[in-house]
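# Here's a sequence, model it:
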Amino acid sequence: MVAAVVLGPGSILTSSKVGATFGPVGIPFVLGAAILMIGMVALSARIGVIYEGSACDEIASRLGRWVSILIGGILFLLVAIFQSSNNIAVVAGLSPLIEMARGGESLTVGARIGVLVAFNAFVIFCLYRMRNLYGSVEKLMKLLIGFMVCAFLVNFVTAYLTPRDFEPVKPKNPGDLFALLGMIGTTFSVGGAFYQSYLVKEKGWGIRDAKRGLVDSVVSISVLGLVTLVILLTATRIFYGRPGGVTLAQVDDVARQLEPLFGAWAVVIFSLGILAGAFSSFLVNSMIGGTVMSDALGKGSKLSQNWPIHLTTTALLVGMVVAIFSLTIKDSTVYLITFAQALTVLGIPALVAALLYLGTRPELTGDRKVPRWILILGGVGFFTSCLLALRTALAVYEKLTS
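Numbers count the residues shown, from 1 in each chain. Okay, the predicted model is just below:
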């Protein structure tokens with residue numbers, strides 16, 4: 001489920017844009033972010049099985065309820081920003097399909113807003129009607145992740161077996177910094193990692209399942225890193241070094257990377273992939289904000305309880321409102337998504353610090369002690385997140401003042 005929320009439309013679009021503008025330079029950033037994410041998810045899973053209480057409850061009992069509310073509030077805000085990009089991606093994925101059905105007629109802003117409202121209403125309906133919410137969502141996420149993995153892997157092989165229709169030249173302009181920051185932010189998604197401690201409790205795991213949780217973390221995030229790398233390399237093959245450059249402003253532009261396999265159907269297939277990514281990320285992302293915020297307030301952390309469901313609905317509505325506001329601004333869809341993804345980097349240091357605090361308590365001895373390599377990766381992740389947050393803040397300031 002953590003892999004599903006991370007491998008959303010933002011990850012697909014930002015890695016595509018990084019591949020198109022940075023080319024092979026983006027590879028070490030993907031690998032580094034994936035390794036740090038493995039350490040963070042493993043740390044969070046370990047915290048979930050070694051403590052009796054939930055993460056925010058444990059923080060509240062040691063540092064005070066206000067600290068847990070601060071952590072929950074930061075994560076809820078990140079979820080709202082992230083959710084706005086998911087909403088924009090839903091419109092981006094549905095628009096080409098609807099326009100094709102209407103003979104190429106473009107959707108008005110009002111129609112796009114209507115699509116968003118209808119989609120969110122459907123998700124909220126499912127949220128309240130699903131009796132076994134966790135089990136249902138987990139099965140659906142496995143199906144959607146499998147679909148995306150197969151589609152991008154097969155297309156990757158086809159792209160590299162198909163001769164290029166141009167002679168690559170070195171791009172004159174530097175790559176899009178927001179796309180790079182956004183890709184790192186979606187791959188090294190500490191908000192998703194933080195939620196892993198809640199997911200292992202939903203599964204009923206205890207200290208005896210610690211090794212199982214570690215394997216689960218390594219495999220799922222490795223799959224995430226692999227798919228992100230495959231998308232980046234495919235975009236590098238199709239777009240990087242193209243004479244005259246490329247501008248990936250709309251989903252239709254990005255969809256061209258699927259042409260080696262799907263030809264004229266590339267836009268349709270890519271739109272379906274964006275929708276799969278959006279839906280897989282859509283519900284789980286909002287569940288992260290709702291569950292952790294409810295726990296931070298001391299109102300419960302189980303998906304069978306009312307407060308997590310109500311606050312999940314709130315996260316959905318906030319993300320929808322922000323997205324509707326974004327749709328009224330005349331700008332590129334891909335840029336809005338990558339900008340929102342980059343902003344999520346700003347709150348990461350506080351979440352990493354909270355996980356490291358819980359993972360280094362002196363009472364954790366014997367089987368409950370967190371392995372040193374996980375803590376080392378967590379420490380590297382903390383300093384990396386601080387640098388990313390600082391660079392993102394500077395980039396946002398430069399953008400707003402330019």
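# Which strand or helix spans S15?
Following DSSP states H and E, one finds S15 within helix 9-21.
# Check which helices and strands that helix sits against.
helix 65-101, helix 177-187, helix 210-239, helix 251-254, helix 266-296, helix 333-343 (3 or more CB pairs under 8 Å, 6 or more residues apart in numbering; DSSP states H and E). C-beta coordinates here come from the backbone N, C-alpha and C atoms, glycine included.
# Show the contacting residues for M183.
Contact partners of M183, counting by CB atoms under 8 Å, 6 or more residues apart in numbering, are 11, 14-15, 17-18, 26, 29-30, 33, 228, 232, 341.
# after the helix holding S15 comes which helix or strand?
Next along the chain from helix 9-21, counting by DSSP H and E, comes helix 27-50.
# which of the residues in that following helix are buried?
With burial defined by 16 or more other CB atoms under 10 Å, the residues of helix 27-50 counted as buried are 27, 29-30, 32-50.
# how near is T158 to F152?
Using CB to CB, to the nearest Å, T158 is found at 11 Å from F152.
# hmm, I was thinking of L180
In this structure, L180 and F152 are 20 Å apart, going by CB to CB.
# of the contacts of M183, closest to Y198?
Checking the contacts of M183 against Y198 by CB to CB gives S11 as the nearest, at 21.4 Å.
# tell me the angle the strand or helix carrying E398 makes with helix 177-187.
Assigned by DSSP H and E, E398 belongs to helix 372-401. Interaxial angle of helix 372-401 relative to helix 177-187 (axes from the mean of the first three to the mean of the last three CA atoms, to 10 degrees): 150 degrees.
# Now K302, what are its backbone angles?
With angles defined as degrees, to the nearest 10, K302 sits at phi -100, psi 140.
# ok, how many other residues are close to it?
17 (other CB atoms under 10 Å).
# Please apply the same query to the one 3 residues further on.
As a burial measure, the neighbour count of Q305 was computed by other CB under 10 Å and equals 14.
# picking up where we left off before, give me the mean pLDDT for the helix holding S15.
Averaging pLDDT along helix 9-21 yields 81.
# Stretch 73-93 too?
Averaged over stretch 73-93, pLDDT sits at 79.
# Could you check how far it is from the centre of its chain?
Offset of stretch 73-93 from its chain centre (CA atoms, centre = their mean, to the nearest Å): 9 Å.
# again with stretch 25-40
Centroid separation for stretch 25-40 versus its chain: 14 Å, with CA atoms, centre = their mean.
# Ok, stretch 57-68 next?
27 Å.
# picking that back up, show the buried residues in the contacts of M183.
Buried by 16+ other CB under 10 Å: 11, 14-15, 17-18, 26, 29-30, 33, 228, 232, 341, out of those.
# could those be laid out in JSON lines, adding distance to G366?
Below are those laid out as JSON lines (distance: CB to CB, whole Å):
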{"residue": "S11", "distance to G366": "38"}
{"residue": "T14", "distance to G366": "42"}
{"residue": "S15", "distance to G366": "41"}
{"residue": "K17", "distance to G366": "47"}
{"residue": "V18", "distance to G366": "43"}
{"residue": "G26", "distance to G366": "42"}
{"residue": "F29", "distance to G366": "38"}
{"residue": "V30", "distance to G366": "36"}
{"residue": "A33", "distance to G366": "32"}
{"residue": "T228", "distance to G366": "37"}
{"residue": "L232", "distance to G366": "42"}
{"residue": "Q341", "distance to G366": "40"}
